[in-house]
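Novice: Predicted model and sequence follow; I will ask about them next.
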Amino acid sequence: MKRIFLIGYMGAGKTTAGRELARILELEFIDLDHFIQARFQKTVNELFQDVGEREFRNIERNMLKEVGEFENVVISTGGGTPCFFDNADYMNNAGTTVYLKATPEALSSRLNTCKDKRPLIKDKNEEELYDFVVESLQRREPFYSKAHIIFETEELVNREDVTRYVEQLIKIL
């Protein structure tokens with residue numbers, strides 16, 4: 001029975017790498033945010049607005065524990081998932097956790113191209129986005145670093161990179 005949790009900041013490549021990892025290992029892939037959206041028939045952003053962050057984090061924790069019971073699965077979590085309640089410890093006990101780590105420079109560069117889809121950053125210019133990423137990472141790093149495996153994803157840019165990175169990760173797993 002395999003259960004792999006991918007954690008890390010938004011833009012780290014959790015969903016992209018998770019899909020590829022699941023495909024190669026012939027496991028099911030679950031994106032926690034998509035799982036929540038399907039269950040509640042609302043986007044994560046809509047849930048945030050409707051119920052507030054505190055209640056969203058309760059929903060997220062409950063959904064994490066639900067998918068954390070699945071077997072033979074790769075689970076991509078939301079960027080904040082490990083940072084609330086006992087989520088990081090829960091994931092460590094339930095399976096193998098992998099922190100997909102990238103520098104603030106790489107993350108802000110990736111996020112700058114898709115920030116329209118992310119309400120927390122959509123109105124930020126490049127400098128503000130970089131500062132936001134640096135500040136957020138400093139707060140989240142203690143939670144992310146609890147992962148069993150810390151895997152650098154600095155050059156995760158295109159499809160070939162994803163396959164190469166995932167093959168390297170499989171050797172570590």
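Specialist: Perfect, thanks for sending it.

Novice: Residues touching whichever helix or strand Asn58 is part of, excluding its own?
Specialist: Asn58 belongs to helix 44-67 when assigned by DSSP states H and E. Defining contact as CB atoms under 8 Å, 6 or more residues apart in numbering, one finds that helix 44-67 is touched by 30, 32-33, 35-37, 39-40, 42, 73, 75, 77-78, 80-81, 84-85, 87, 90-91, 119. In short, each C-beta sits where N, CA and C put it, glycine included.

Novice: ok, now stretch 96-111?
Specialist: Applying CB under 8 Å, 6+ apart, the contact partners of stretch 96-111 are 2-14, 17, 82, 88, 91, 118, 121, 126, 129-130, 133-134, 137, 144-154, 156, 169, 173.

Novice: Mark which of the residues you listed are part of strands, please.
Specialist: Here DSSP state E is the test, and the contacts of stretch 96-111 give 3-7, 149-152 as lying in strands.

Novice: Could you identify the buried members of those?
Specialist: 3-7, 151 (16 or more other CB atoms under 10 Å).

Novice: Dump these to a markdown table, plus distance to Leu107.
Specialist: What follows is these, written out as a markdown table (distance: CB to CB, whole Å):
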| residue | distance to Leu107 |
| --- | --- |
| Arg3 | 26 |
| Ile4 | 22 |
| Phe5 | 19 |
| Leu6 | 15 |
| Ile7 | 14 |
| Phe151 | 15 |
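
Novice: Which helix or strand lies directly C-terminal to the helix holding Asn58?
Specialist: Per DSSP H and E, the helix or strand that comes after helix 44-67 is strand 73-76.

Novice: Give me the helices and strands touching that following strand, please.
Specialist: Contact analysis of strand 73-76 by 3 or more CB pairs under 8 Å, 6 or more residues apart in numbering; DSSP states H and E lists strand 3-7, helix 14-25, strand 28-31, helix 44-67 as its packing neighbours.

Novice: and the second one, how far out from the chain's middle?
Specialist: Average the C-alpha atoms of helix 14-25, do the same for its chain, and the two points are 12 Å apart (CA atoms, centre = their mean, to the nearest Å).

Novice: What angle do strand 3-7 and it make with each other?
Specialist: Here helix 14-25 runs at an angle of 150 degrees relative to strand 3-7 (axes from the mean of the first three to the mean of the last three CA atoms, to 10 degrees).

Novice: how about helix 14-25: buried residues?
Specialist: Under 16+ other CB under 10 Å, the buried positions of helix 14-25 are 14-22, 25.

Novice: what does it contact?
Specialist: Helix 14-25 is touched from outside by 2, 4, 6-8, 27-29, 31, 73-77, 100, 153, 156, 162-163, 165-167, 169-170, with contacts defined as CB under 8 Å, 6+ apart.
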